[in-house]
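*Asks:* With the input below, show me the fold.
(2 chains)
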Amino acid sequence: MPAVQETVERVKAIDVDQYKYGFETEVEMDVAPVGLSEATVRLISAKKGDPEWMTEWRLDAYRRWITMREPTWSRVKYPPIPFQDLHYYAAPKKNAAPKSLDEVDPEILKTYEKLGIPLREQEILAGVEGAGSRVAVDAVFDSVSVVTTFKEELKKAGVIFCSISEAIREHSELVRKYLGSVVPVTDNFYATLNSAVFTDGSFVYVPEGVRCPMELSTYFRINERNTGQFERTLIIADKGSYVSYLEGCTAPARDENQLHAAVVELIALDDAEIKYSTVQNWYPGDSEGQGGVYNFVTKRGDCRGVNSKISWTQVETGSAITWKYPSCILRGDNSRGEFYSIAISNGYQQVDSGTKMIHLGRNTTSKVISKGIAAGKSDNTYRGLISAHRRASGARNFTNCDSLLIGDQCGAHTVPYIESKNASAVFEHEATTSKISDDQMFYCMQRGLSEEEAIALIVNGFVKDVLQQLPMEFAVEAQKLISISLEGSVG
Amino acid sequence: MSVITPIRTPAEAGLIDLYKVVRNTLPGTKATLKHRDEAFAVIEAAGLPHRRVEDWKYTDLRNLMQEAPPLAARPHLAETDPAIAKSKAFAAVSGARVTFVNGHLVTTEAIPEGVEVTPLAEALTNGHPLLARMGGPEVARDNAAVALNSAFVADGAIIAVADGVTLEEPLVLRFINTGTKAFATSPRVVLAMGDGAALTLVESHEGPGGVGYHSNSVVEIVAGSSVDIAHIRLNAEGDRALALSTLMVTLGADAKFASTGVVAGGHVSRHQVFLAFAGERSVATIGGATMLAGKSLADTTLVVDHRVPGCQSRELFKTVVDGEATGVFQGKIIVRQHAQKTDGQMMSAALLLSEGAAMNNKPELEIFADDVVCAHGATCGQLDDELLFYLMARGLPRPEAEALLVQAFLGEALEPIALEDVREELTDMVASWLAGRAG
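*Replies:* Numbering: from 1, shown residues only, chains lettered A, B, ... in the order given. Here you go, the predicted model:
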């Protein structure tokens, strides 16, 4: 059946021509010369003040990258990316190691204010901003981290939260131990490119037994023309710790395409839990399909310890092209992976996203809930892999992916791979709305809800659980999106 | 990824040599030869499909096909008679019979009025008018198994059923393979169904045990409007056989098509179904039961192409995997932009009975129309402990309890078969497979 009117209107309200964050900031920038070569890699490394091993690491990645070819298996089409015509480093000039907010270029502060990102700790504490929520923010502007808030308070709890370049300098041992251990340098074309030229991103280390006292977040902004943003995030949750991390992104509206190739690595040791949430709102291009961000992201979590848990939540509304598969390697026994995704495509956007749940340990469980909504002339693909290896006795997965089409110019596709090498692994994949537990449905409907309302209640209740963890500025948008009706959805 | 120039495997090199030798001896006109050359060019250029080729991800033919055995020659009477006498499949089913031995048409029996059977070798040589309709739906183009068949096909049949003809009894196609040394067969059957025609098509594939022969059959059904086709297929190939098979169906308007396949043989087997709806309001039901043991691999690959509005497709596949065997299910429903009001549902369920068993599922949807109902599901697991407990608590020993549950599991896929004796024979086959497993 076709989509209901309410859904059509909601999706329209976030159509590509409604993009609110398309403004540009005028700041003086320090930009690396166009093109990528060993010299560029060395230049970035020098700008970042990398230790020698890091420079070597980057160079090694670069040398491998030049032998690689772009992957073509995904359902996205785009003209060849002129990798040699991009700037691989761009930083605001006045941002030479600011000690406090007062030293940061006011133009940049204004940008974040406009975006609604709280950077002034005192004001937030005093409630001046009115947000009330206490979130530590790492603000990344093009290639550099501008400021990280609440560092001191976090330090008291033993939590390290800083930009990755700072971590490379100051927590070298930790970074060296874990960087590239989840997403190896040679993982894929974009991850290798990122390994060579990554400029900034966040680093989080939560020590043993610590529950991180506040939400951590990073806000990425691409501003400069013709630049690629390559951020790298590394989060380590030591034994028995817990951390929730959020990521938001926007970019100015330009008629050229901008490249964003990020790598995110999560490591959860014994009994640790990481929640990673993303609200991806890069510039999607205009209604004619001009411009927009190419978003090629490798995100992977490693449940390395027993009883560890990693959960990914993503709300994807931006980017001209989205190519990302946040995954979980369930290595520790009894570990758990979760993936909740809402991907909405409009205009000429192309989304190819999904997850991988790789069950290696015993009694590992995973859950995948994905909702794709395609409108306009867009294409929306769910691509997922669930696999159980020989040793993964008692592995369990439940996958539910629904998609919804609005109009007859768009496409929705589902490409799930379900591979089981263990007889005691139980995998269920479904893509129908009628297959939510009959008991739950019966319970809700007996109390007077219609089938549609009951389904919405059950699925939204499920997703809301995680979305409610998002801070206000993200939550409002996310809530709007998940209230989209499931009516008319197809597998 | 650097540019990889594939090294030709012995099987690939063997196929190229073989083709050079046989291309001028195989039957057909110049047009046929051109068609063969084009088909073989696909193989020569890309080699045999391997795991990096998406459609063959789980059935790495380059790895699984070790050699290119010689093509089976037309057998002598002295060979065909004992082979036919030994054939067991659907022996009790009465009806018209067309028998192929090693891919060559050898006998036709009780062909009713309104049905015309022409040996394919003859048709290729004389230029039969129905040859123009060969080739299958668009979604089967460039398929490696079909290309190999097109290149090497030596015989088969063209079966034409005239408009409005309803066959009371089934039409049985028996593909019997015989020999003691490895050989290859590539039979092809084209069934052209006139408007309003109706029949039950029963297909069996058998072969000797212990011989690593290759069979690669293609059955094409080109149907007009308002046809009613029931299709039953049995794979009882030998335990060392590499069996590729393809069913290509193009349906006109208001058509009814139901197909059930049972896989009970072959070392490596892959059954492909390509179905295209070319006329509105048609209904297709495709299903199957696969039983796997030892180190065998069975792949079911299915593409249903909704090209026109208002059609309905239902797919239900059941797989039971024992020993160290591997089951594969790849299903794809395509709904084209104008195919509104499509109703497509696909389900694959697998039971893993032993520790070394594996199952790979890939149920895909590709949808470009917004007013459709499409769904797919896939499950994979072991027998439910609670159900086993229930049966054992009532005095059934474990193997019997297991057999009962497996039989019920597979039975669902056989239910749509309307012909009672055929359904019973296949049900018995499931039972004896289970008995063999317990023994």
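
*Asks:* Please tell me I have it right and A:Leu385 contacts A:His359.
*Replies:* No. In this structure, A:Leu385 is not within contact of A:His359 by CB atoms under 8 Å, at 10.7 Å. (C-beta placed from N, C-alpha, C; glycine too.)

*Asks:* So for the two, which sits in the more crowded spot?
*Replies:* For A:Leu385 versus A:His359, the count of surrounding residues by other CB atoms under 10 Å in any protein chain shown is larger for A:His359: 32 against 17.

*Asks:* Bridged to the more buried one, which residues?
*Replies:* Taking DSSP bridges, one finds A:Leu330, A:Ala388 as the beta-bridge partners of A:His359.

*Asks:* so what's it up against?
*Replies:* If you count contacts by CB atoms under 8 Å, 6 or more residues apart in numbering or on different chains, A:His359 has them with A:330, A:366, A:386-389, A:392, A:395, A:397, A:425.

*Asks:* Now do it against chain B, distance only.
*Replies:* 12 Å (CB to the nearest CB, to the nearest Å).

*Asks:* Going by secondary structure, residue 400 is in what exactly?
*Replies:* I went with chain A, as the question did not name one. Here A:Asn400 sits within strand A:396-405, counting by DSSP states H and E.

*Asks:* That was the other one, I meant chain B.
*Replies:* Using DSSP H and E, B:Glu400 sits in helix B:398-414.

*Asks:* Walking through chain B, point out its helices one by one.
*Replies:* In chain B, helices defined by DSSP state H lie at B:10-22, B:30-46, B:61-64, B:77-86, B:120-126, B:144-152, B:385-393, B:398-414, B:420-438, listed in chain order.

*Asks:* Return the nearest residue of the stretch 101-250 of chain A with respect to chain B.
*Replies:* Among residues of the stretch 101-250 of chain A, the one nearest chain B by CB to the nearest CB turns out to be A:Phe189. It sits 7.8 Å away.

*Asks:* A:Asn363 contacts A:Arg391, correct?
*Replies:* No. No contact is recorded between A:Asn363 and A:Arg391 when judged using CB under 8 Å, the distance being 11.1 Å.

*Asks:* These two: who's more crowded?
*Replies:* A side-by-side neighbour count of A:Asn363 and A:Arg391, using other CB under 10 Å, places A:Asn363 first with 18 against 13.

*Asks:* Can you name the residues that contact the more buried one?
*Replies:* Under the criterion of CB under 8 Å, 6+ apart, the neighbours of A:Asn363 are A:333-334, A:393-396.

*Asks:* Please list only the buried members of those.
*Replies:* Neighbour counting over those (16 or more other CB atoms under 10 Å in any protein chain shown) leaves A:333-334, A:393-396 as the buried ones.

*Asks:* Tell me the one among those residues nearest to B:Asn235.
*Replies:* Distances from B:Asn235 to those, taken as CB to CB, are shortest for A:Ala395 (30.9 Å).

*Asks:* who touches that closest one in this structure?
*Replies:* With CB under 8 Å, 6+ apart as the criterion, the residues that contact A:Ala395 are A:330, A:359, A:362-366, A:388, A:422, A:424-427.

*Asks:* ok, now A:Ser74?
*Replies:* The contact partners of A:Ser74, taken as CB under 8 Å, 6+ apart, are A:323, A:352, A:381, A:383.

*Asks:* Double-check that the last one belongs to a strand.
*Replies:* Yes. When classified by DSSP: H, G, I helix; E, B strand; the rest coil, A:Arg383 is found to be part of a strand.

*Asks:* how much space between it and A:Cys249?
*Replies:* Distance of A:Arg383 to A:Cys249, given as CB to CB, to the nearest Å: 21 Å.

*Asks:* Please apply the same query to the second one.
*Replies:* Computed with CB to CB, the distance linking A:Asp352 and A:Cys249 is 18 Å.

*Asks:* Same question for B:Gly156.
*Replies:* Here the distance between B:Gly156 and A:Cys249 works out to 59 Å (CB to CB).

*Asks:* Repeat that for B:Ala157.
*Replies:* If you measure B:Ala157 against A:Cys249 using CB to CB, the figure is 62 Å.

*Asks:* So for the two, which residue has more residues nearby?
*Replies:* Taking neighbours as other CB under 10 Å, B:Ala157 and A:Cys249 compare with A:Cys249 leading, 25 against 22.

*Asks:* Can you tell me the element the more buried one falls in?
*Replies:* Residue-wise, A:Cys249 maps onto strand A:242-250 under DSSP H and E.

*Asks:* right, and the helix or strand after that strand?
*Replies:* strand A:257-268.

*Asks:* quick one: the helices in chain A?
*Replies:* Under the criterion DSSP H, chain A contains helices at A:5-13, A:38-47, A:52-65, A:106-115, A:121-126, A:151-157, A:164-170, A:172-178, A:189-197, A:438-446, A:451-467, A:472-482.

*Asks:* By mean pLDDT, show me the worst of the ones you listed.
*Replies:* Taking the mean pLDDT of each of those, the lowest value is held by helix A:121-126, a mean of 47.

*Asks:* Within the sheet, what are the partner strands of the least confident helix or strand in chain B by mean pLDDT, with directions?
*Replies:* The helix or strand with the lowest mean pLDDT-type score in chain B, counting by mean pLDDT, DSSP states H and E, is strand B:373-381 (a mean of 88). Strands flanking strand B:373-381 in the sheet, each with its direction: strand A:426-430 (antiparallel), strand B:343-352 (parallel) (DSSP bridges).

*Asks:* separation between B:Ser186 and B:Ala121?
*Replies:* Per CB to CB, B:Ser186 is found 12 Å from B:Ala121.

*Asks:* Mutual contacts of those two, please.
*Replies:* Here B:Ser186 and B:Ala121 have B:Ala154 as joint contacts, going by CB under 8 Å, 6+ apart.

*Asks:* CA atoms of stretch B:44-59 as CSV?
*Replies:* As requested, the backbone C-alpha atoms of stretch B:44-59 are provided in CSV (Å, rounded to 0.1, in the frame of the first residue of the first chain):
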residue,chain,number,x,y,z
GLU,B,44,36.4,-17.2,-22.2
ALA,B,45,36.5,-13.6,-21.1
ALA,B,46,35.6,-13.9,-17.5
GLY,B,47,36.6,-17.5,-16.7
LEU,B,48,34.4,-19.6,-14.5
PRO,B,49,32.5,-17.6,-11.9
HIS,B,50,34.1,-17.5,-8.5
ARG,B,51,33.4,-16.1,-5.1
ARG,B,52,34.2,-12.5,-6.0
VAL,B,53,31.3,-12.7,-8.6
GLU,B,54,28.3,-11.7,-6.5
ASP,B,55,25.9,-14.3,-8.0
TRP,B,56,28.3,-17.1,-7.3
LYS,B,57,29.6,-15.9,-4.0
TYR,B,58,28.6,-19.1,-2.2
THR,B,59,29.2,-21.5,-5.1
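
*Asks:* any weak-confidence spans in chain B?
*Replies:* Residues of chain B that meet the criterion pLDDT under 70 lie in B:1-6, B:438-439.

*Asks:* rewinding a little: most tightly packed of the strands paired with strand B:373-381?
*Replies:* Comparing the strands paired with strand B:373-381 by mean neighbour count (mean count of other CB atoms under 10 Å in any protein chain shown), strand B:343-352 ranks first with a mean of 24.

*Asks:* show me the contacts for the closest residue to A:Arg391 other than its chain neighbours.
*Replies:* Across the structure, with CB to CB, 6 or more residues apart in numbering or on different chains as the measure, the residue nearest A:Arg391 apart from its sequence neighbours is A:Leu360 (6.5 Å). Listed by CB under 8 Å, 6+ apart, the contact set of A:Leu360 reads A:329-331, A:389, A:391-392.

*Asks:* now with 6 Å?
*Replies:* Going by CB atoms under 6 Å, 6 or more residues apart in numbering or on different chains, A:Leu360 touches A:331, A:389, A:392.
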